[in-house]
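Enquirer: Here is a sequence with its predicted model. Questions after.
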Amino acid sequence: MGIGVKMISMAGKAGSIVMALAIVTSMVAAQEMDDDNPFRAHVQMDRFRFTGDEKVKLSMAVTNTKMKSATFKAYDMDYTTFQPVVYTTEGREADILIPYRLKQRDTREAVSGLVPRIIQLGPGETMTRVVDLRKIYKLEAGREYRVRMFFFPDATADDAVRSENTLSFKVAGLEQFRLADGTTGVMRSGVREKRHGVSPREVVMLFLNAEKERNWENYFRYVKLESYVESFLNFARNYNLADDVEKLKVLDDFATFLKTERPDRLIDYSVRDESVIGGRDVAYVNALVSRYNPRYTLRFQYKYTLEKFRDSWLITDVEATVKKGR
């Protein structure tokens with residue numbers, strides 16, 4: 001049956017969806033009481049606040065909890081086996097973008113004629129699917145949402161496994177403003193950027209200033225954590241050996257480490273030259289950073305690597321050379 005249902009009229013759309021979700025919820029609750037069900041599902045995000053133009057990534061994981069192998073059917077079609085459902089704060093389903101749902105077809109009808117792949121999970125094994133919720137739902141800036149996932153071991157059957165957790169996230173708006181020179185810009189959570197973007201050198205300056213002021217919301221805005229973690233050997237080793245779900249946990253631990261009070265806190269910095277590699281969207285920026293230590297001041301020569309993602313430069317790597325002295 002799936003989450004989708006045929007609707008009699010546009011006026012009854014919201015009510016029909018709520019009723020369908022209620023049916024699925026009851027069905028799932030009944031199934032979860034079945035001890036023979038080998039699967040458990042959960043969802044995870046690496047953060048819970050997104051700007052109006054960012055991908056909203058959701059990690060959906062299904063684990064075989066039994067001591068023997070278990071199989072399920074997977075279809076090469078979006079929103080069949082793994083079905084995230086996004087709700088508004090009013091409790092209704094957000095506007096969905098999936099074509100078969102827009103045509104008011106249910107999942108069973110949508111996969112009719114498709115040949116599924118049989119996926120086998122061994123005891124304790126987990127399969128993870130990562131999706132961009134923007135490709136599934138119309139997410140409006142300035143609104144908060146909740147998401148949970150329904151896993152269908154067979155999309156042509158009624159049985160579904162509901163994720164054991166629900167996540168809340170917010171899509172922040174972009175405040176428009178006009179600069180003194182007449183150009184238009186946007187404000188991202190208090191950080192003003194011109195329409196033509198911030199240079200790699202400016203990104204490093206903002207990044208170091210955010211650490212100095214312990215403004216972690218801005219700090220993580222200028223770094224691509226999935227790449228930056230490779231610069232820290234202890235975390236890089238764990239990250240490279242982890243599966244998709246474990247990677248999110250490693251990144252969470254890494255973020256906690258970065259914002260933990262350090263014995264050598266940053267007290268001053270000087271951002272030097274930048275070098276942009278044309279045609280590769282790669283830049284290098286050198287900075288001299290002074291850190292306070294109870295015994296003496298440590299000076300570091302940092303070489304940052306930045307890569308361009310859409311219209312923004314993000315820090316992806318750093319090399320540090322320690323220089324003792326004041």
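Expert: Structure's in. What do you need?
Enquirer: residue boundaries of the helices in the stretch 201-326 of the chain?
Expert: 216-219, 225-228, 233-241, 244-258 (DSSP state H, counting those that start in this stretch).
Enquirer: what's Asn215 in contact with, if anything?
Expert: Asn209 (C-beta atoms under 8 Å, 6 or more residues apart in numbering). Where you see a C-beta, it was placed from the backbone N, CA and C, and this is true even at glycine.
Enquirer: oh, I was asking about Lys308
Expert: Asp281, Val282, Ala283, Leu314.
Enquirer: And Gly124, by the same measure?
Expert: Thr63, Asn64, Thr65.
Enquirer: Which secondary structure state is assigned to it?
Expert: Three-state call for Gly124 (DSSP: H, G, I helix; E, B strand; the rest coil): coil.
Enquirer: cool, and the one 10 residues further on?
Expert: Here Arg134 is recorded as helix under three-state DSSP.
Enquirer: So it sits against Lys55, correct?
Expert: Yes. Using C-beta atoms under 8 Å, Arg134 is in contact with Lys55, at 6.3 Å.
Enquirer: Please say which of these two ends up with more neighbours.
Expert: Taking other C-beta atoms under 10 Å, Arg134 and Lys55 do not tie; Arg134 has more neighbours (16 against 12).
Enquirer: What's the separation between that one and Thr297?
Expert: 46 Å (C-beta to C-beta, to the nearest Å).
Enquirer: give me the number of residues near Arg49?
Expert: 13.
Enquirer: what's the closest non-adjacent residue to it?
Expert: Spatial nearest neighbour of Arg49, excluding adjacent residues (C-beta to C-beta, 6 or more residues apart in numbering): Lys170 at 5.2 Å.
Enquirer: So what touches the helix or strand containing the one you found?
Expert: Lys170 is part of strand 167-171, with elements assigned from DSSP states H and E. For strand 167-171, the surrounding residues in contact (C-beta under 8 Å, 6+ apart) are 43-45, 48-52, 56, 58, 139-148.
Enquirer: how about the residue nearest to Phe309 when sequence neighbours are not counted, what does it touch?
Expert: Nearest in space to Phe309, with sequence neighbours left out and distances taken as C-beta to C-beta, 6+ apart, is Lys224 at 7.1 Å. Residues in contact with Lys224 (C-beta under 8 Å, 6+ apart) are Glu307, Phe309, Leu314, Ile315, Thr316.
Enquirer: swap in Val130?
Expert: Val130 makes contacts with Lys57, Leu58, Ser59, Met60, Asp244, as judged by C-beta under 8 Å, 6+ apart.
Enquirer: Can you pick out the ones from those residues that are in helices?
Expert: Taking DSSP state H, the ones among those that sit in helices are Asp244.
Enquirer: List just the nearest of the contacts of Val130 to Ile267.
Expert: Lys57 (35.9 Å; C-beta to C-beta).
Enquirer: where does the chain have low pLDDT?
Expert: 1-35, 52, 173-197, 278-280, 296, 324-326 (pLDDT under 70).
Enquirer: change it to 50
Expert: Scanning the chain with the threshold set as pLDDT under 50 gives 1-34, 175-196.
Enquirer: where exactly do the strands run in the stretch 1-150 of the chain?
Expert: 39-44, 49-50, 57-64, 70-74, 82-88, 117-121, 126-132, 143-151 (DSSP state E, counting those that start in this stretch).
Enquirer: next structured bit after the longest one?
Expert: Past strand 143-151, further along toward the C-terminus, the next helix or strand under DSSP H and E is strand 161-162.
Enquirer: Give me the helices and strands touching that next one, please.
Expert: For strand 161-162, the elements it packs on are helix 13-32, strand 39-44, strand 143-151, judged by 3 or more C-beta pairs under 8 Å, 6 or more residues apart in numbering; DSSP states H and E.
Enquirer: List the buried residues in stretch 263-276.
Expert: The neighbour-count check on stretch 263-276 (16 or more other C-beta atoms under 10 Å) flags Leu266, Tyr269, Val271, Glu274, Val276 as buried.
Enquirer: Report the backbone C-alpha coordinates of it in CSV.
Expert: Coordinates of the C-alpha atoms in stretch 263-276 are reproduced here as CSV (Å, rounded to 0.1, in the frame of the first residue of the first chain):
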residue,chain,number,x,y,z
PRO,A,263,44.9,24.5,26.6
ASP,A,264,46.4,26.6,23.8
ARG,A,265,43.5,29.0,23.0
LEU,A,266,43.8,31.3,19.9
ILE,A,267,44.8,34.8,20.9
ASP,A,268,45.9,36.4,17.6
TYR,A,269,46.1,35.6,13.9
SER,A,270,47.3,37.1,10.7
VAL,A,271,46.0,35.9,7.3
ARG,A,272,48.7,36.2,4.7
ASP,A,273,48.6,35.4,1.0
GLU,A,274,46.0,33.4,-1.0
SER,A,275,46.6,31.4,-4.2
VAL,A,276,43.6,30.4,-6.4
